[in-house]
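Colleague: Sharing a sequence plus its predicted fold:
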Amino acid sequence: MESIIFHKLRRHFILGVFLLFSFTSFSQKITSFSEETNTFLSELDIFLSQTKNDELKQISKKISKSFDKGEISSPNQKSIRNISNLMLDKKMKATPYFRDFLSVVIQLKDDEINKSKLSDWLTVSENIVLNFSSRQLLKYCEFSSSFLSAKTLRNSKSVKWHADCNTFYFKDNNGVPYVHFISEIDLSCSNRNGSFQISDTKGKYWIQNNKFEGIGGRVDWKDRGWSSDSVYANLSIFSIDVKESQFKADSVHFYNNKSFSFPVIGEFLNKAVSGSSAEHYPVFKSYKKDIVLYNILPDVDYKGGYTLRGKDFIADGIGDASARIIINKNGKKILVANSARFSIKKNIIYSESAAIKLYFDEDSMYHPSLQFTYSQSERKLKLYRDKKGVSGAPIYNSYHQLTIDAELIEWQIDEENILLGSLPSTSVSNVNFESIASYNDELYHSLRGIDKVNPLMRVSNFVKSSGTTNFSSAEFADYAGYPLHQIEPYLMNLSNKGFLFYDVYTNRAEVQEKLYNYINSRLQLADYDVIRFKSEVTDILGDNMIVHSILNISTKDLNINGVESIDLSNTRQVYIKPYNRNIKVKKNRDFDFSGRVSVGNERFVLYGKDFNFKYDDFRIDLKQIDSVQLSVPIEPYQFDKYGEKRLVRIQTVIQSVTGDLRIDEPTNKSGIRKDSFPQFPIFKSFDDSYAYYDKPS
């Protein structure tokens, strides 16, 4: 006690002597502090008092009291003196530098839990003063005050980062300060919009550059309704800029115990956002794009990349349609959809553009780009073709050997029937079902436009030159000598007409068989046909859908409605007019119908039921002919405007006939070699027939 009183009296005596000599001399700037404690405290008090700042006066009193009572150890007192002298050397002023520095000293001294950290804190402070600018010391002190009082790494108007911790250390690396968290902490981010947390992590917070370098930890989807032990990710090494209200980590190990039993490695992203945007976070995205998940929905398998965006599973590929959805029925694959991305949420799978292959045994229907929607609750598949870009290409049906330009396909997958048709946007809807071997000379020439070379020939020549049927638009533009912006719509037009598939996302084209069929047909190097079923329907069926045809996946029969007439051979003038405008298409363009068959400019007309057209044989089996009507030229001959003899219908009707009609030689469906087969068409009757003369025709 006597020693303390003596030191105080001595300090007051020294102070009095200073004042007695000359106030002016002490009002000059102090350039260094004494190594002797009492003198140092007196000099420090004068230095701080010169500002006439009450806060600084209080700080001076608290420091003096702490020194006098031994609340600050001798080594730490020495460190404070050394740092103060270094600060003077760098011409740091009483405010804000000494004020902030000494305030943290007092704060740590008064902190019962963390007072032992004062020595480390002073060591870091000294290294900062030695190696960096005064501004860096100020930032360190400001951070330390905030962190010690509230455990905040940053607290600004835009974002707050908080570390829920008990154990930490002040350290530096060559004067660069950081807080070391060697025990697990919970790190949280919040702003006025939202918040998120990283649990059980360790790491270092680098104060000067606002970076937290973490090791380990866990993030979860608890805010999206899943328990923290069912959907979560374990972190490895990561870095956070605490000026931002977001966090990204690489090489995390993701677990979704609801969907799979193994960890998936990928990247993680979270943001503090509110409203509808919050539903899109956190985000996990896998590195691997060949993950196989069985029964992501009942009877639905998946292969591709895995992204969990909020509560929504995003099935993604690499941009080349590598994500795959497989729908099964009775343990058998019935549909495969490939896309760059699928969205899977609330039991609905959706893709804006997916390559679709719908299987029936070894055959399929295929299209490179359809809008894909599958509803698990309804067990319904919807495929929409918007006729824009690559979607404009027709659907290819390998079993029936047809291309189909239907706008919409619907299938309740527990049923046997697939509906093909369109949306009811107009009063009349048309869908064309065209033989893959058909040829239209008018279309061939219209493709050329003002070009010197027909586009089909140019593509064919390029394929021969390059040796590949799959190529980029840039490669073809270089070959054709056209700018790329002209080539892309050029290829798109061919794609829309079924000559190739063109992907607007990858800018790659794949040549289709129809292109070669057209070229060979034009050059008369191959036979072709003119078969097309044009369906014209106005009735709406089901969910606002105009149904043009129904495909039964068990029988594989394709029932087409709204077919007014069918041209089988323009050369032989063989045409069909189905009853009820309905036909049933079988494998390879065979089809059943009932109705009227006209031959040779209506010289020979048959009416009946259960007729069967056989494509390969190019004939019609006439199982039940109700009647036959003949027309013949009558002398003196009269001629129409085409130079053909006018026909007169014979009044007698022939009935009760069976037989077949051979339209043309099977290798001459086009009729281009009609002179080689003058005997066609041939009608052959199998049974006795009857002519009823008393019955009007």
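Modeller: Right, received. Where do you want to start? Numbers count the residues shown, from 1 in each chain.

Colleague: rest of the way, CA atoms for contacts and neighbours
Modeller: Noted.

Colleague: got the domain boundaries for the protein?
Modeller: 1-149, 288-435, 441-522, 563-692 (automatic domain parsing).

Colleague: Give me the nearest residue to residue 441, chain neighbours excluded.
Modeller: Computed as Cα to Cα, 6 or more residues apart in numbering, the closest residue to residue 441 that is not its neighbour in sequence is residue 522, at 7.2 Å.

Colleague: what about the one you found, distance to residue 457?
Modeller: As defined by Cα to Cα, to the nearest Å, residue 522 lies at a distance of 11 Å from residue 457.

Colleague: on that earlier part again, just so I know, which of the domains of the chain lies nearest residue 530?
Modeller: domain 563-692 (6.4 Å; Cα to Cα).

Colleague: Show the average pLDDT along the closest one.
Modeller: For domain 563-692, mean pLDDT rounds to 87.

Colleague: Can you tell me the SS state at residue 601?
Modeller: coil (DSSP: H, G, I helix; E, B strand; the rest coil).

Colleague: Tell me the spacing between it and residue 348.
Modeller: For residue 601, the distance to residue 348 - Cα to Cα - is 55 Å.

Colleague: Correct me if wrong: the residue nearest to residue 441 contacts residue 442.
Modeller: No: if you go by Cα atoms under 8 Å, residue 522 and residue 442 don't touch, sitting 10.7 Å apart.

Colleague: between the two, which one's more packed in?
Modeller: Neighbours around residue 522 and residue 442, counted as other Cα atoms under 10 Å, are more numerous at residue 522. The numbers are 17 against 8.

Colleague: phi, psi of that one?
Modeller: With angles defined as degrees, to the nearest 10, residue 522 sits at phi -60, psi -40.

Colleague: One more: residue 131?
Modeller: Torsion angles, degrees, to the nearest 10, at residue 131: phi -110, psi -20.

Colleague: ok, it - how many residues close by?
Modeller: By other Cα under 10 Å, 12 other residues sit near residue 131.

Colleague: Now for it: which residues touch it?
Modeller: Shown in contact with residue 131 (Cα atoms under 8 Å, 6 or more residues apart in numbering): 174-175.

Colleague: ok, 7 Å please
Modeller: Residues near residue 131 by Cα atoms under 7 Å, 6 or more residues apart in numbering: residue 175.

Colleague: count of residues packed around residue 679?
Modeller: Look at residue 679: counted by other Cα under 10 Å, it has 12 neighbours.

Colleague: In a helix, it, correct?
Modeller: No: according to three-state DSSP, the state of residue 679 is coil, so it is not within a helix.

Colleague: Relative to residue 665, how far out is it?
Modeller: The gap separating residue 679 from residue 665 is 9 Å, by Cα to Cα.

Colleague: any common contacting residues for these two?
Modeller: Counting by Cα under 7 Å, 6+ apart, residue 679 and residue 665 have no contacts in common.

Colleague: Now the residue positioned nearest the centre of the chain: closest residue in space, sequence neighbours ignored.
Modeller: Centroid-nearest residue in the chain, with Cα atoms, centre = their mean: residue 341, separated by 3.4 Å. The spatially closest residue to residue 341, leaving aside those adjacent along the chain, is residue 316, at 4.1 Å (Cα to Cα, 6+ apart).

Colleague: burial count for that neighbour?
Modeller: For residue 316, the neighbour count with other Cα under 10 Å is 26.

Colleague: when you give positions from now on, start the count at 42
Modeller: Done: numbering now begins at 42, and the last item shifts to residue 357.

Colleague: for the protein, what helix or strand is lowest in average pLDDT?
Modeller: Across the helices and strands of the chain, mean confidence by mean pLDDT, DSSP states H and E is lowest for helix 64-68: a mean of 40.

Colleague: Reformat the domains of the chain into CSV and put distance to residue 321 next to each item.
Modeller: Converted to CSV, those look like this (distance: least, Cα to Cα, whole Å):
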stretch, distance to residue 321
domain 42-190, 32
domain 329-476, 4
domain 482-563, 25
domain 604-733, 48
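
Colleague: what's the most buried one of those?
Modeller: domain 329-476 (a mean of 20; mean count of other Cα atoms under 10 Å).

Colleague: ok now that one, how far from the chain's centre?
Modeller: Averaging C-alpha positions (Cα atoms, centre = their mean, to the nearest Å) puts domain 329-476 15 Å from its chain's average.

Colleague: can you give me the helices in the stretch 542-691 of the chain?
Modeller: 554-563 (DSSP state H, counting those that start in this stretch).

Colleague: Would you agree residue 412 falls within a helix?
Modeller: No: residue state for residue 412 (three-state DSSP) corresponds to strand; a helix is not indicated.

Colleague: what's it in contact with, if anything?
Modeller: With contact set as Cα under 7 Å, 6+ apart, residue 412 has these partners: 392-395, 424-426.

Colleague: hmm, 6 Å instead?
Modeller: Applying Cα atoms under 6 Å, 6 or more residues apart in numbering, we find residue 412 in contact with 392-394, 424-425.

Colleague: quick one: which of these is nearest residue 629?
Modeller: When the contacts of residue 412 are compared against residue 629 (criterion: Cα to Cα), the nearest one is residue 424, at 23.8 Å.

Colleague: Can you list the strands that the helix or strand hosting the closest one pairs with?
Modeller: According to DSSP states H and E, residue 424 maps onto strand 421-425. Using DSSP bridges, strand 421-425 pairs in its sheet with strand 404-416 (antiparallel), strand 449-453 (antiparallel).

Colleague: Output the shortest one as PDB - backbone C-alpha positions only.
Modeller: This points to strand 449-453. Taking Å, rounded to 0.1, in the frame of the first residue of the first chain, the C-alpha atoms of strand 449-453 are listed here in PDB:
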ATOM      1  CA  LEU A 449     -48.600 -32.800 -78.700                       C
ATOM      2  CA  ILE A 450     -48.200 -36.300 -77.300                       C
ATOM      3  CA  GLU A 451     -50.000 -37.400 -74.100                       C
ATOM      4  CA  TRP A 452     -49.800 -40.700 -72.400                       C
ATOM      5  CA  GLN A 453     -51.300 -41.900 -69.100                       C
END
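
Colleague: and for that strand, what are the contacting residues?
Modeller: 420-425, 459-463.

Colleague: repeat that for 7 Å
Modeller: Strand 449-453 is contacted from outside by 420-426, 458-464, using Cα under 7 Å, 6+ apart.
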